[in-house]
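**Q** Predicted model follows, preceded by the sequence.
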Amino acid sequence: MALSVFNTRTRQLEPFVPADRHVVRIYTCGLTVYSAMHIGHARTYCFWDVFRRYLEYRGWHVLSVINYTDIDDRIMTRAAERAEQAGGGEGGWLEVAEGIIATFRRDCRALRIKDYAAYTRATDFIDAQIDMIKQLIDAGHAYVANGEVFYDVQSFPRYGELSGNRLEGQQAGASGRVGEDLDRKRHPADFTLWKPSSPSQPSWPTGAAQWPQGRPGWHIECSAMSTVMLGRHFDVHGGAIDNLFPHHENEVAQSEPLCGHPWVGYWMHPEHLDLRGIKMSKSLGNVIGIPDLLVDHRYDEIRWFFASTHYRTKLAFAPDLVSACAEGFKKITRAVKILGDRLRAVAPEARVIPVASPYASMRPEDRSFPRERGAFVYGAFGAASARLVERFIGAMDYDLGCPQATAALFDYVGELFAGGMETLDDPPSAMAAYRCLVRHLYVLGIEVVDEALYPELAADCMPAADAGDAVAPYRAVIDRLLELRIDARKSKDFARADLIRDLLKAAGVAVEDTPGGARWELSR
């Protein structure tokens with residue numbers, strides 16, 4: 001088995017072979033930080049998180065970089081609006097950008113998107129951008145017009161190769177600025193590398209007589225940041241599908257003359273969210289931020305919903321669709337809870353899995369991952385766990401087939417129930433199944449691990465302690481109320497027993513009476 005991904009550059013499914021057999025270097029286009037992340041962004045960044053998690057599951061070490069575009073006309077507009085509301089003044093761009101950056105980090109953590117190795121701000125790399133522009137001018141790929149530097153797309157024969165938007169298919173005036181296209185550009189597709197700033201706008205000196213000051217264009221920022229951080233050639237570059245053209249096309253055009261071809265090994269582009277045919281816009285009032293999204297749905301329900309559709313397919317989004325998907329997901333969370341409850345009820349030494357595994361690098365390559373494979377496939381559920389591992393890997397190896405991976409998890413949980421998971425008195429086997437299940441959910445960004453049962457995985461979760469057990473602070477109280485309910489039923493005080501049940505229900509705790517005793521879980 002080998003991982004294959006769809007490479008936008010070649011429009012083919014290709015074996016994934018990074019330049020270094022141990023390390024994968026990924027650059028992801030991040031937010032232009034004038035407004036907060038919304039659900040469309042969330043789908044994109046959750047995909048990149050799953051991709052990274054699966055690479056790590058497979059044994060690679062991932063250096064992931066994401067950028068912030070923190071200099072942009074919309075940021076300046078937002079800063080001016082704030083200044084006007086505050087009674088005047090200039091500047092405030094930094095405050096706007098940093099405020100949105102903080103919001104982005106909080107939203108990512110709320111969705112359990114792992115921290116990147118580096119978060120780069122465009123304004124921290126101005127010197128690298130100026131240097132790159134000077135090299136492009138010297139090489140004949142850029143020119144100056146009235147203090148503005150444009151990239152000459154006709155100087156790059158491969159322009160349009162990435163996106164399919166060839167120059168011959170682009171007409172003069174296509175940008176909507178006919179006069180500007182004809183008067184200032186050699187070709188209407190030429191794009192800005194550097195623009196002069198007015199006295200009230202942020203500006204940096206360049207040391208170049210023809211373009212002495214100003215600020216960078218959007219496209220040059222990512223070329224400079226990615227090259228500085230990851231080198232002149234790196235493995236994966238991506239963003240959402242809307243970044244493909246013109247942004248990524250322009251990045252290739254300005255980078256490959258300086259770095260060589262191919263600059264990037266694999267280009268990957270997740271598709272949009274589809275609000276049932278309605279465009280998401282602030283004017284329509286249908287922009288859904290992450291805090292709003294999490295009012296009605298838990299983060300794990302959102303991650304499961306995102307995983308239900310392949311990343312290169314548009315994902316229809318509506319609250320009822322998320323709720324319907326979450327209803328099916330309850331079977332997964334119920335299995336996790338049943339196993340967890342049974343394991344927490346026994347002494348730690350009784351649930352130890354009696355397996356001594358060799359290091360991953362000592363095993364055959366196709367058995368070197370997941371790292372704890374030997375423990376996962378131990379015991380009464382070992383055959384079912386082995387099938388899950390193989391199906392999960394097979395699904396994810398085929399261009400990150402998350403829908404097939406979720407189907408494998410559903411079938412696995414079905415086998416656990418059919419195999420007597422609820423009554424089996426075999427803690428090591430239950431522990432093996434528990435760890436196998438939560439480890440594979442973790443790849444999909446679903447962190448439902450109890451630190452007491454799987455501290456090695458919990459250490460990688462956000463937050464590390466009790467990451468998957470949000471009810472831990474209330475567990476003792478709920479369990480005590482259930483004990484009181486049992487006492488009331490034994491003494492035939494059914495009114496009191498019903499009162500306790502109703503109180504728990506009102507607090508969002510669903511109680512299920514089983515032959516083995518009462519079982520509870522949080523409900524919405």
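**A** Received it, and whenever you're ready, just let me know what you need.

**Q** gap between the two ends of stretch 57-65?
**A** From the first residue to the last, stretch 57-65 extends over 19 Å; the measure is CA to CA, to the nearest Å.

**Q** For that stretch, which residues meet the burial criterion?
**A** Along stretch 57-65, these residues count as buried under the neighbour rule (16 or more other CB atoms under 10 Å): 57-58, 60, 62-65. All C-beta atoms are positioned from the backbone trio N, CA, C, and that covers glycine.

**Q** Now flag whichever of the residues you listed is closest to residue 161.
**A** Comparing those against residue 161 with CB to CB picks out residue 65 as the nearest, at 24.1 Å.

**Q** Can you classify residue 135 by secondary structure?
**A** Classification of residue 135 into helix, strand or coil gives helix, according to DSSP: H, G, I helix; E, B strand; the rest coil.

**Q** was I right about it contacting residue 255?
**A** No - applying CB atoms under 8 Å as the test, residue 135 and residue 255 come out as separate, 10.8 Å apart.

**Q** So if I had to pick from those two, which one is more boxed in?
**A** Neighbour tally, residue 135 and residue 255, criterion other CB atoms under 10 Å: the higher count belongs to residue 255, 26 against 14.

**Q** Check which element follows the helix or strand containing that one along the chain.
**A** Applying DSSP states H and E as the criterion places residue 255 in helix 249-259. Per DSSP H and E, helix 249-259 leads on to strand 264-268 as the next helix or strand towards the C-terminus.

**Q** Check which helices and strands that following strand sits against.
**A** Here strand 264-268 touches strand 4-7, strand 234-238, going by 3 or more CB pairs under 8 Å, 6 or more residues apart in numbering; DSSP states H and E.

**Q** what ranges do the strands span in the stretch 301-450 of the chain?
**A** Assigned by DSSP state E, counting those that start in this stretch, the strands in the stretch 301-450 of the chain fall at 315-316.

**Q** which neighbours does the longest strand seen in the chain have in its sheet, and in what orientation?
**A** Of all the elements of type strand in the chain, the one with the most residues (DSSP state E) is strand 61-68. Strand 61-68 has the following sheet partners, assigned by DSSP bridges: strand 23-28 (parallel), strand 118-121 (parallel).

**Q** Let's test this: mean pLDDT of it, rounded?
**A** Mean per-residue pLDDT for strand 61-68: 98.

**Q** which residues are in contact with it?
**A** Outside strand 61-68, the residues that touch it by CB atoms under 8 Å, 6 or more residues apart in numbering are 22-33, 48, 52, 55-56, 97, 101, 104, 116-122, 221-222, 225-226, 229-230.

**Q** Show the buried residues in the residues you listed.
**A** Members of the contacts of strand 61-68 that pass the buried threshold by neighbour count (16+ other CB under 10 Å) are listed as 24-33, 48, 52, 55-56, 97, 101, 104, 116-117, 120-122, 221-222, 225-226, 229-230.

**Q** What about the residues you listed, which are in helices?
**A** Counting by DSSP state H, those place 48, 52, 55-56, 97, 101, 104, 221-222, 225-226, 229-230 in helices.

**Q** ok so, going back, and the longest strand of the chain with strand 234-238, angle?
**A** Angle, strand 61-68 to strand 234-238, by axes from the mean of the first three to the mean of the last three CA atoms, to 10 degrees: 40 degrees.

**Q** What's the first helix or strand after strand 61-68?
**A** Scanning onward from strand 61-68 (DSSP H and E), the first element met is helix 73-85.

**Q** Using PDB, write down the CA coordinates of that next one.
**A** Taking only C-alpha atoms (Å, rounded to 0.1, in the frame of the first residue of the first chain), the coordinates of helix 73-85 have been written out as PDB:
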ATOM      1  CA  ASP A  73      -6.800  47.200   1.500                       C
ATOM      2  CA  ARG A  74      -9.700  45.600   3.500                       C
ATOM      3  CA  ILE A  75      -7.600  45.700   6.700                       C
ATOM      4  CA  MET A  76      -6.900  49.400   6.000                       C
ATOM      5  CA  THR A  77     -10.600  50.000   5.400                       C
ATOM      6  CA  ARG A  78     -11.500  48.200   8.700                       C
ATOM      7  CA  ALA A  79      -8.900  50.300  10.600                       C
ATOM      8  CA  ALA A  80     -10.300  53.500   9.100                       C
ATOM      9  CA  GLU A  81     -13.800  52.600  10.200                       C
ATOM     10  CA  ARG A  82     -12.600  51.900  13.700                       C
ATOM     11  CA  ALA A  83     -10.700  55.200  13.800                       C
ATOM     12  CA  GLU A  84     -13.700  57.100  12.600                       C
ATOM     13  CA  GLN A  85     -15.900  55.500  15.300                       C
END
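
**Q** And the next helix or strand past the helix or strand of the chain with the lowest mean pLDDT?
**A** Taking mean pLDDT, DSSP states H and E as the measure, helix 178-184 is the helix or strand of the chain with the lowest mean score, a mean of 60. Sequence-wise, the next helix or strand downstream of helix 178-184 (DSSP H and E) is strand 191-195.

**Q** what is the mean pLDDT for that next one?
**A** Across strand 191-195, the average pLDDT comes to 97.

**Q** Doesn't residue 513 lie inside a strand?
**A** Yes - Residue 513 forms part of a strand when assessed by three-state DSSP.

**Q** Quick one: residues contacting it.
**A** For residue 513, the residues meeting the contact criterion (CB under 8 Å, 6+ apart) are residue 519.
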